[in-house]
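Enquirer: Predicted coordinates and the sequence they were generated for:
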There are 2 protein chains.
Amino acid sequence: MTERILIKHLAAREDGPVTVSGWVDTVRDQKKVQFIVLHDESGALQLVNPAVREVDPDDAASAGRHEITETISGLSQGSFITVTGELKHDERVKLGGIEVKIGTLEVVSHAVPESPIADDSSIDKRLDWRFIDLRRPEQNLIFRVQTTFEHALRTYWIEHDFIEIHTPKLMASASESRAELFEVGYFDDTAYLAQSPQFFKQMAQPAGFGKVFEIGPAFRADPSFTSRHATEFTSIDTEVSWISSHEDVMRLHEELMVAGIRAIKEKHGEEIEQRFGVTIEVPTTPFPRIPLAEAKQIVAERGYVVPRHDDDMDPEGERQIAAYVKEKYGHDFVFLTDYASSIRPFYHMRNADDQGITNSYDLVYHGVEISTGAQREHRIDVLTTQAKEKGLDPEELGFYLDFFRYGVPPHGGFGMGLARVLMLMLGLNSIREVTYLFRGPNRLLP
Amino acid sequence: MTERILIKHLAAREDGPVTVSGWVDTVRDQKKVQFIVLHDESGALQLVNPAVREVDPDDAASAGRHEITETISGLSQGSFITVTGELKHDERVKLGGIEVKIGTLEVVSHAVPESPIADDSSIDKRLDWRFIDLRRPEQNLIFRVQTTFEHALRTYWIEHDFIEIHTPKLMASASESRAELFEVGYFDDTAYLAQSPQFFKQMAQPAGFGKVFEIGPAFRADPSFTSRHATEFTSIDTEVSWISSHEDVMRLHEELMVAGIRAIKEKHGEEIEQRFGVTIEVPTTPFPRIPLAEAKQIVAERGYVVPRHDDDMDPEGERQIAAYVKEKYGHDFVFLTDYASSIRPFYHMRNADDQGITNSYDLVYHGVEISTGAQREHRIDVLTTQAKEKGLDPEELGFYLDFFRYGVPPHGGFGMGLARVLMLMLGLNSIREVTYLFRGPNRLLP
């Protein structure tokens, strides 16, 4: 390995020799002195070089110094370099109060001089050149936050004896809606890309796994261009046996959110404040819970009538109820519960006392739906009836319905979009910003 | 939640009232006493019930006892039940020295009486009914081992400041070989399923991420039916900047393997010994390294001439060199290094002193290749030349080649098949056994 010191560790070091590596952000090439702002994955640093514009035949060292000066004058933005030099703490240096005086400089990789994007380029243009866009410190932070969030969730699951599963993304039939399905040529047959791990994480319950989780890709052939939709996204899924109702799922869900957000606050809270102007707050539990019918009433009383013919909420309604919850309870999350059976999939369990509603919920965060959870119907006769009611063919659901014929404990779980959580947490306006490489109806590149 | 105690925790408890839940494995319905072997995700337990065959009108409790007796007589294998009763330690009980005398019994979910598979069913038949197959304690253990392995790797990565990425599985072009590519109808266009995250994990290097990892699905339209191949598999990938050669990648690789295997030994070592008859050994580092040319000579001296016209090894050769390493160094792993350029992809860096070989390796574990790693070529001119040499069209590689035009540090990494590692570690003979739901040329169900 190149023996380098991460820039974030320099401030805590004493003055003296150091080696740093990274890419060139800017070069200020003054007559007597040259400055480079160097970035690595941990931060930015000022490098300084006293310019030697001519070789002095009486000074043996001047040839080398002259060569370094010429190299710096020709450095293009984005070039990767390794520099060994003297670290010096100096309060006058705006960039972190330190600088490194260049001793040796090696250009590891030259960059084409003109960057195809600038800080004010459109999001679409930036996505074309995503690998350059990701060099911005904000972008780097997003993916470190993502890493911390996922690890906190997984650590919670591991400590609570969950089993990690990898469900197949190639399926013989649809798992959710036939409408938004990608077809794959599969030898002489046709396969479909999984829209969610729904059927297969449920399979773990009759398999006796008890509690499972998966973080993996899901695919929807969704032609919409909103800031919240993608054709491929990372889905956070969990499913547990022996629940009494969706209340148990919500309790698990809020504990996971707290674990994830607490870890982010501890590790990145200050930097998030500084880069995004957002204060990360660890939410209190329990999160507020409001039955959907009540939520629609509350929203109506606020003067907004949801313009839908079915019993569902709409995005503006979700914003309104979130605003109400924020005012009343000071909370960023709200569980909307008891969705109508008419707008929920056949596998959601219905309320024992009211077949018109389901044991299900949506989790709304900063006014946007990030997750759907539910108790599942595990009684094969009821499940089959509900499938038929929804116009599904039990024949086609054969392998799924079999899961319920050989014994299965009551169970439930949720699926949550990773990108939505990150977008809302950091106050950004599109999942494109927080997705490593976004995929939409007209974006497959890079 | 159903308030239950996991069976594995019963042995450490004092005698007294307990509630357990799980599925029925066997029922022994004797005239005077009934025995049930109950399984949950943590273990097996004997339940006992003194049979009450007739209701005694003088004994108020006998109606209830009679009903429980009748219920047990009618219990089918696989039914999920919840039992509250009295725990009693008794050395004479073969199953763990404990039993629970049934107080109340609730059938949570009935099972169809006849199980479609038995312990001696063929693997193909078992895969048809995978959710029942997974109830076997060996199968449950496999996925708990998988969970521990992945968490140990991720913890290592997190502690070493790696960033987790989720690369897209939908691509506009091939990332490896055009031959084994699945095509996806993508609106009016065609997409392809990623054969590996190769291009996109490399993208993280010019993006300045430094060190990245991903565990996710990869797809190969591979028509072969061997015990080591699948059309969809879980790939463990990592990629790091600022390496000096593939030696740095191998060092990272062996540290990860040690972290993963150590965690498994600690958490599951005894149970693996008991269920699979395999002793988990934490390997010593460094793992042996043998250049491929030398390995072929060693194998030839052992009397096996690799029957290939190219410079590659074959599976029998890998077994032979592994046997040699085991005899000579007592090691289960061996890095075969310096593969010929002719048999490696265009993006592998070639040896500075010998263009005929690459800075690459395969990792062989118990005689089977589980991984390929390499330093990548990051110099755009060399990379373009090597792509052309391999008959690739630089035009089609456009977006990938762009990654190298705007500055990029030297880097390398590896990809490793999760299922192969688990299969070899546990001494199993097919990746089908260790894959949650196997996908092959003629298997898309369940």
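Expert: Happy to help now that I have it.

Enquirer: what about residue A:223, how many residues close to it?
Expert: Using other CB atoms under 10 Å in any protein chain shown, residue A:223 has 12 other residues around it. Using the backbone N, CA and C atoms, a C-beta is placed for each residue, glycine as well.

Enquirer: Which residue, other than its chain neighbours, is closest to it?
Expert: Spatial nearest neighbour of residue A:223, excluding adjacent residues (CB to CB, 6 or more residues apart in numbering or on different chains): residue A:441 at 5.1 Å.

Enquirer: Over to residue A:366?
Expert: Nearest residue to residue A:366 in three dimensions, chain neighbours excluded: residue A:424, at 4.3 Å (CB to CB, 6+ apart).

Enquirer: pretty sure that neighbour is touching residue A:364, no?
Expert: No. Using CB atoms under 8 Å, residue A:424 is not in contact with residue A:364; the gap is 9.7 Å.

Enquirer: Pick out whichever of these two has more residues nearby.
Expert: Between residue A:424 and residue A:364, counted using other CB under 10 Å, the more crowded position is residue A:364 (27 against 20).

Enquirer: Now the helix or strand hosting the more buried one: buried residues?
Expert: Per DSSP states H and E: residue A:364 is located in strand A:360-365. The neighbour-count check on strand A:360-365 (16 or more other CB atoms under 10 Å in any protein chain shown) flags A:360-365 as buried.

Enquirer: Which other helices and strands does that strand contact?
Expert: helix A:246-276, helix A:315-329, strand A:333-337, strand A:368-375, helix A:418-425 (3 or more CB pairs under 8 Å, 6 or more residues apart in numbering or on different chains; DSSP states H and E).

Enquirer: Would you map the helices across the stretch 151-300 of chain A?
Expert: Using DSSP state H, counting those that start in this stretch, the helices assigned to the stretch 151-300 of chain A run over residues A:198-203, A:246-276, A:292-301.

Enquirer: low-scoring pLDDT stretches of chain A, where are they?
Expert: By pLDDT under 70, the low-scoring segments of chain A are A:175-177.

Enquirer: in it, what residue sits furthest out from the centroid?
Expert: No residue in chain A has its C-alpha farther from the mean C-alpha position than residue A:58, which lies at 59.5 Å (CA atoms, centre = their mean).

Enquirer: Helices of the stretch 1-150 of chain A, start to end?
Expert: Under DSSP H, counting those that start in this stretch, the stretch 1-150 of chain A gives helices at A:62-73, A:123-128, A:130-133, A:137-159.

Enquirer: How about residues contacting the shortest one?
Expert: Counting by CB atoms under 8 Å, 6 or more residues apart in numbering or on different chains, the neighbours of helix A:130-133 from elsewhere in the structure are A:78, A:115-117, A:126-127, A:139, A:436-437, A:446, B:203-204, B:206-207, B:402-403, B:406.

Enquirer: Show the buried residues in the residues you listed.
Expert: Buried members of those, counted by 16+ other CB under 10 Å: A:78, A:115, A:117, A:126-127, A:139, A:436-437, A:446, B:203-204, B:206-207, B:402-403, B:406.

Enquirer: and which of these is nearest residue B:23?
Expert: The shortest gap between residue B:23 and any of the buried ones among the contacts of helix A:130-133 belongs to residue A:436, at 40.9 Å (CB to CB).

Enquirer: ok, that closest one - contacts?
Expert: For residue A:436, the contact set (CB under 8 Å, 6+ apart) comprises A:130, A:134, A:143, B:165-168, B:200.

Enquirer: change it to 10 Å
Expert: With contact taken as CB atoms under 10 Å, 6 or more residues apart in numbering or on different chains, residue A:436 is in contact with A:130, A:134, A:139, A:142-143, A:146, A:234, A:419, B:163-168, B:200, B:203-204, B:207, B:209, B:212, B:214.

Enquirer: try residue A:61
Expert: The contact partners of residue A:61, taken as CB under 10 Å, 6+ apart, are residue A:52.

Enquirer: ok, back up a step: adding distance to residue B:62, write the helices and strands packed on strand A:360-365 out as JSON lines.
Expert: Output for these, formatted as JSON lines (distance: least, CB to CB, whole Å):
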{"stretch": "helix A:246-276", "distance to residue B:62": "36"}
{"stretch": "helix A:315-329", "distance to residue B:62": "54"}
{"stretch": "strand A:333-337", "distance to residue B:62": "44"}
{"stretch": "strand A:368-375", "distance to residue B:62": "36"}
{"stretch": "helix A:418-425", "distance to residue B:62": "57"}
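
Enquirer: of all the residues in the stretch 251-400 of chain A, which ones are close to chain B?
Expert: The stretch 251-400 of chain A has residues A:251-252, A:378-380, A:398-400 near chain B, with proximity defined as CB under 10 Å from any CB of the partner chain.

Enquirer: from these, which is closest to residue B:334?
Expert: Nearest to residue B:334 among these, counting by CB to CB, is residue A:399 at 41.6 Å.

Enquirer: from what I can see the closest one touches residue B:446, true?
Expert: Yes. In this structure, residue A:399 is within contact of residue B:446 by CB atoms under 10 Å, at 3.9 Å.

Enquirer: neighbours around residue A:356, how many?
Expert: Neighbour count for residue A:356, taken as other CB under 10 Å: 12.

Enquirer: Pretty sure it sits against residue A:311.
Expert: Yes. At 8.8 Å, residue A:356 counts as touching residue A:311 under the criterion of CB under 10 Å.

Enquirer: Please enumerate the shared neighbours of those two.
Expert: Residues touching both residue A:356 and residue A:311 by CB under 10 Å, 6+ apart: A:293, A:340-342.

Enquirer: Next, the angle from the lengthiest strand in chain A to helix A:62-73.
Expert: Ranked by residue count and defined by DSSP state E, the top strand of chain A is strand A:16-29. Following axes from the mean of the first three to the mean of the last three CA atoms, to 10 degrees, one obtains 60 degrees for the angle between strand A:16-29 and helix A:62-73.
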